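>>> build the 3D model from these lines:
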Amino acid sequence: MIAIIRMRGEAGTRRDVIDTFKMLRLKKIYSARLIEKTSQNIGMIRKIDNFAAWGEASEEIEKILEKPMGLKPPKGGLKSKKLKYPRGDIGYCGDKINDLIKKMI
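Residues are numbered from 1 along each chain as shown. I've put the predicted structure just below:
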């Protein structure tokens, strides 16, 4: 399973990116969701890569995110919402997404 967290808002965002967020049911900033790892879902994630953090979820995180939910801003803050991982917090994070979600619960 893949965990996705929406990290940025809609201001100045292209319409196709906004539509992709709606299809993934990530309506608000810091909303999180689990999805299956399929080629269609990976394609949608690639489209919103500059606006979301994503990676492989552990079993513990899968239990927490069984339903779509909103998270709090992370304790200790973010590195950057504009730079990609590892310098920032958006894009593909691998298994480090689990640490980010734990900071946001």
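
>>> which secondary element of the chain has the worst mean pLDDT?
strand 69-70 (a mean of 76; mean pLDDT, DSSP states H and E).

>>> show me what the helix or strand following it is in contact with.
Heading C-terminal from strand 69-70, the first helix or strand you meet, by DSSP states H and E, is strand 91-92. The contact list for strand 91-92 (C-beta atoms under 8 Å, 6 or more residues apart in numbering) reads Asp49, Asn50, Ala53, Trp54, Gly55, Lys84, Tyr85. (Glycine included, C-beta is placed from N, CA and C.)

>>> now strand 91-92: mean pLDDT?
Averaging pLDDT along strand 91-92 yields 90.

>>> what of stretch 97-105?
The pLDDT scores in stretch 97-105 average 89.

>>> picking that back up, let's see the ChimeraX selection covering just the buried ones among the contacts of strand 91-92.
Selection of buried members from the contacts of strand 91-92 for ChimeraX, criterion 16 or more other C-beta atoms under 10 Å:
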select :53,54,55,85
